[in-house]
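In: please work out how this folds:
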Amino acid sequence: MKINSENLNINLRHLRALHSIAREGTFSAAAASLGIVPSALSEIVRQLEAAIGAPLFDRGTRPPSVTPLGRDFLRDTEPLLEGMDRAVTRLRQSAGLEQGSLSVGASPSAISELIAPVLAEFLAGRPAIRCVLHDDIAERLAAMVSEGSLDLAIAGRAQHSPDLRQREIARDPFGLVCAVGHPLAARPVVSLADLDPAVLIGLDADTGTQQLLAGCAAIPRPLLSPGLRAHSTVAQLCMIRAGLGVALLPRNAAMLFRDPAILYRKVEGLTLSRGLYLLEPARRPLSPAARAFIVALEDRLPVLAQT
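Out: Here you go, the predicted structure:
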């Protein structure tokens, strides 16, 4: 039977009533789930059947059973209800994004090439959101995410914690970072043998970068005892720019300032790379703003969307 829907007076209230009865099994149970009395539910069904012009329930059975037409109607209208629920959920989430706060942590090397561009685009359409960007090493960022002072972070891999979920989103290759006027900057190919430990600038031994270098079999042991040390990547780059030495760093670290006076060079025989991870809380839900920011990251990094 073909029904012209143009003049039908059917709304979501009718559809939810029908689906609730089919789901709960009886009129009384469906009425309770909808928060109305059974007589009101019966009237809603009567209106629906009158609009369609055919019975949707066989009242000769106890409890009333769905007719074949009713089963077809249930099947065809289920996507409508699901679509409406999704749309309402998105609207509520979007409404929550118009205000509130977002706290993001990042290792310094992840800020310039990844976090800053995504964050700028994300906040452009949400001027009421208060945002804090905190830079630190992976272990401290992981602790801040776990304890709730950060919504999420992008950094190197941290130690395992039941309060933390970690997903790799990118790989960052190591290479030589030097000043544009350094003798090694002019060489077409740089090898590890070209490096002098006396002018190599390392980080503290407990940093993820230095631990990766220490675990790389390709790096000669003397290079693991650098003549100069810095407390942070920012300090390393400042020392490199001043001509104090060179460093083995991930590429994104070299691009932190986008400084034309600082160069990144591939090193022959060095295949070491550092993973960048999305650090999320494992025991609490993300805020709407944090979820939306992760979606923005997914658009920029397909690897994240596939995990």
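In: what segments of the stretch 101-250 of the chain are strands?
Out: With strands called from DSSP state E, counting those that start in this stretch, the stretch 101-250 of the chain shows them at 129-135, 152-155, 164-179, 190-191, 201-203, 228-230, 247-250.
In: which residues are in contact with the first one?
Out: Where contact means CB atoms under 8 Å, 6 or more residues apart in numbering, the residues beyond strand 129-135 that reach it are 97-108, 111, 115, 119, 123, 141, 144, 150, 289. Quick note: C-beta positions are derived from backbone N, CA and C, even for glycine.
In: go on, the last one?
Out: Around strand 247-250, the neighbours that count as contacts under CB under 8 Å, 6+ apart are 109, 172-178, 195, 200-202, 209, 213, 219, 223, 233, 236, 240, 264, 267, 270, 273-274.
In: buried ones among the contacts of strand 129-135?
Out: When the contacts of strand 129-135 are checked for burial by 16 or more other CB atoms under 10 Å, the buried set is 97, 102-108, 111, 115, 119, 123, 141, 144, 150, 289.
In: returning to what we had before: how about the strands of the stretch 101-250 of the chain in JSON lines, adding mean pLDDT, mean neighbour count and distance to residue 47?
Out: Output for the strands of the stretch 101-250 of the chain, formatted as JSON lines (pLDDT from 0 to 100; neighbours: other CB atoms under 10 Å; distance: least, CB to CB, whole Å):
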{"stretch": "strand 129-135", "mean pLDDT": "92", "mean neighbour count": "15", "distance to residue 47": "44"}
{"stretch": "strand 152-155", "mean pLDDT": "95", "mean neighbour count": "26", "distance to residue 47": "49"}
{"stretch": "strand 164-179", "mean pLDDT": "93", "mean neighbour count": "20", "distance to residue 47": "49"}
{"stretch": "strand 190-191", "mean pLDDT": "94", "mean neighbour count": "16", "distance to residue 47": "80"}
{"stretch": "strand 201-203", "mean pLDDT": "95", "mean neighbour count": "23", "distance to residue 47": "72"}
{"stretch": "strand 228-230", "mean pLDDT": "95", "mean neighbour count": "18", "distance to residue 47": "75"}
{"stretch": "strand 247-250", "mean pLDDT": "95", "mean neighbour count": "26", "distance to residue 47": "66"}
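In: need those strands in a markdown table (columns: distance to residue 43).
Out: Shown next, in a markdown table, are these (distance: least, CB to CB, whole Å):
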| stretch | distance to residue 43 |
| --- | --- |
| strand 129-135 | 46 |
| strand 152-155 | 50 |
| strand 164-179 | 49 |
| strand 190-191 | 82 |
| strand 201-203 | 74 |
| strand 228-230 | 76 |
| strand 247-250 | 68 |
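In: out of the ones you listed, which gets nearest to residue 57?
Out: For residue 57, the closest of the strands of the stretch 101-250 of the chain is strand 164-179, at 47.0 Å, according to CB to CB.
In: same for that closest one, what does it pack against?
Out: On a contact count with 3 or more CB pairs under 8 Å, 6 or more residues apart in numbering; DSSP states H and E, strand 164-179 meets helix 138-147, helix 233-241, strand 247-250, helix 251-254, strand 262-265, strand 267-268, strand 273-281, helix 302-305.
In: right, so of those, which gets closest to residue 33?
Out: When those are compared for distance to residue 33 using CB to CB, the nearest one is strand 273-281, at 33.0 Å.
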